[in-house]
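> Take this sequence and fold it.
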Amino acid sequence: MTPDSVPTTQHIPFPLELENITCVFGSGARQVTALDSVNLQLQPGELVAVMGPSGSGKSTLLNVAGLLQPPTSGRVLLDGADASQLSKAKAAIARRRHLGLVFQHFNLVSSLTVGENVSLPLELDGLSPAQCREAAEQALNEVGLDGTIDRFPEEISGGQAQRVAIARALIGPRKVLLADEPTGALDTSTGEEIMKVLRARIDAGASGILVTHEPRFAGWADRVVMVRDGRLTGEEVR
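I've put the predicted structure just below:
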């Protein structure tokens, strides 16, 4: 057997990896360590729930993962590439192409239609109006909102608005979903419906981090990690 014929195992990078992340705010007596040497790897097709008390570092973890807050030290890897110290402009491009963020209060633009809200990342990336509309229709159909493309946010329910936010988060090439209490502004039954949509998108090949304080919603995840005082203190595989 020649060297060229020796089989090799190619390393496939994680869609998202937090590598030894520390995040410190302030200085002197007011210095706060929000994250302390955090390591987290997100597998393709995996939903990880992050839980912990208020002030434990959950939101900071999500902001660092979403390239909204650069870490003091450590690396954020997207498909194996270091994205932790990108400029604001380049971080915005990376989010449009790799990361989708879903927040508790939807963050839809009231002056844009549902379809325009969903396709906004693609429009900012220079796709044509026809391409944007086609992609928006497909994304809305996937979250069960066909027929809403020309409506405005004020004309749909809270549950529908959160579905729009999910469609926007995963439109185009993005495969990583970061959700910060996405069911917090919804009633229990609507929250369960949103979790079904999130789980379906993960099962279709996306990956995600879900920050939640509700055990019933964490139950939809493949793994649950606990955060306390900026450290990951435990993990449960479901």
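> what secondary structure does residue 225 sit in?
Following DSSP: H, G, I helix; E, B strand; the rest coil, residue 225 is assigned to strand.
> give me the number of residues near it?
21 (other Cβ atoms under 10 Å). Any C-beta I mention is one placed from the backbone N, CA and C, and that applies to glycine too.
> check which helix or strand covers the residue nearest to it when sequence neighbours are not counted.
Of all residues not flanking residue 225 in the chain, residue 235 sits nearest, at 5.0 Å (Cβ to Cβ, 6 or more residues apart in numbering). If you go by DSSP states H and E, residue 235 is part of strand 231-237.
> Can I get that strand in PDB, CA atoms only?
Output of strand 231-237 as PDB, limited to C-alpha atoms (Å, rounded to 0.1, in the frame of the first residue of the first chain):
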ATOM      1  CA  ARG A 231     -19.300  28.800  33.800                       C
ATOM      2  CA  LEU A 232     -20.900  25.700  32.300                       C
ATOM      3  CA  THR A 233     -21.600  23.600  35.400                       C
ATOM      4  CA  GLY A 234     -23.400  20.600  34.100                       C
ATOM      5  CA  GLU A 235     -24.800  18.900  31.000                       C
ATOM      6  CA  GLU A 236     -27.600  16.500  30.400                       C
ATOM      7  CA  VAL A 237     -28.000  14.500  27.100                       C
END
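> Kindly indicate whether the residue nearest the centre of the chain is helix, strand or coil.
Most central in the chain under Cα atoms, centre = their mean is residue 178, positioned 1.5 Å from the mean C-alpha point. Assigned with three-state DSSP, residue 178 falls in the strand class.
> Now residue 23: phi and psi?
phi -140, psi 120 (degrees, to the nearest 10).
> Next one: it, what pLDDT does it get?
In this model, residue 23 is scored at 96, pLDDT.
> show me what contacts it?
By Cβ atoms under 8 Å, 6 or more residues apart in numbering, the contact set of residue 23 is 33, 34, 35, 57, 60, 64, 69, 71, 72, 230.
> Check for me that residue 34 belongs to a strand.
Yes - secondary structure of residue 34 (three-state DSSP): part of a strand.
> Wait, it touches residue 57, no?
Yes - here residue 34 reaches residue 57: they are 5.1 Å apart, a contact under Cβ atoms under 8 Å.
> Overlap of the contact sets of those two?
Shared contacts of residue 34 and residue 57 (Cβ under 8 Å, 6+ apart): 23, 230.
> Mind listing what's buried along the longest helix seen in the chain?
Longest helix of the chain, by residue count under DSSP state H: helix 188-203. For helix 188-203, the neighbour count (16 or more other Cβ atoms under 10 Å) marks 190, 191, 193, 194, 195, 197, 198, 199, 201, 202 as buried.
> and the angle for it with strand 176-180?
For helix 188-203 against strand 176-180, the angle by axes from the mean of the first three to the mean of the last three Cα atoms, to 10 degrees is 160 degrees.
> Can you spell out which helices and strands pack onto the helix or strand that helix 188-203 is followed by?
Downstream of helix 188-203, the next assigned helix or strand under DSSP H and E is strand 207-211. Under the contact criterion of 3 or more Cβ pairs under 8 Å, 6 or more residues apart in numbering; DSSP states H and E, strand 207-211 touches strand 32-42, strand 47-51, helix 58-65, strand 176-180, helix 188-203.
> list the contacts for residue 50?
Neighbour list for residue 50: 58, 61, 62, 209, 210, 211, 212, 224, 225, 227 [criterion: Cβ under 8 Å, 6+ apart].
> Verify the stated contact: residue 103 with residue 180.
Yes - counting by Cβ under 8 Å, residue 103 sits close enough to residue 180 to count as a contact (5.4 Å).
> The two - which one has more neighbours?
Set residue 103 next to residue 180 and count neighbours by other Cβ under 10 Å: residue 180 wins out with 21 against 17.
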